[in-house]
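Asks: Fold the stuff below for me.
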Amino acid sequence: MNLEYVEVDSSNLDLAVKIQNTIFPLEDGRQNYIEGITNDPYRKEMINYITYVDEMPVGVVGLYSYNEYPNDAWLSWFGVLEEYRRKGYGSKMFDFFKTLSLEKGYTSIRIYTDDEFDKAISLYEKKE
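Replies: Purely as a prediction, here's the structure:
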């Protein structure tokens, strides 16, 4: 399984937001994506990706960090569209996030999620 990660920029912003809104219908990540594209000074870094399999978008994943905690990488919008779940994509995408974090010099990762996302929490616990 080969996943391709394409950085979110102004040319694919609407697609990234559509995917994120489909996965998280009660949340709108548009502003977060825009902050990543424009390098908002509030954060040390924010980079997001659309994940593709065979040219089909299957999800989103990203990384952000704060100036106050320069060694910590946070998992940004992370999710797989429902029709592509249970195929191992989420696990590979999380591995991509961890590898990216290490390559960028972060020494720890942080994850924020809600209790309702029990399948995601289970994945995070397996990946510890």
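
Asks: drop to CA atoms for contacts and neighbour counts, all remaining ones
Replies: Will do.

Asks: all strands for this structure, in order.
Replies: Ranges of strands in the chain, per DSSP state E, are 4-7, 43-53, 56-66, 69-75, 79-80, 108-110.

Asks: Compute the inter-axis angle for the second one and strand 56-66.
Replies: Pointing back at strand 43-53 there. Interaxial angle, strand 43-53 versus strand 56-66 (axes from the mean of the first three to the mean of the last three C-alpha atoms, to 10 degrees): 170 degrees.

Asks: what's strand 43-53 in contact with?
Replies: With contact meaning C-alpha atoms under 8 Å, 6 or more residues apart in numbering, strand 43-53 is reached by 1-8, 16, 33, 35-37, 39, 57-67, 70, 76-77, 93.

Asks: Going through these, which ones are buried?
Replies: Neighbour-count burial (16 or more other C-alpha atoms under 10 Å) applied to the contacts of strand 43-53 gives 3-5, 7-8, 16, 33, 35-37, 57-66, 76-77, 93.
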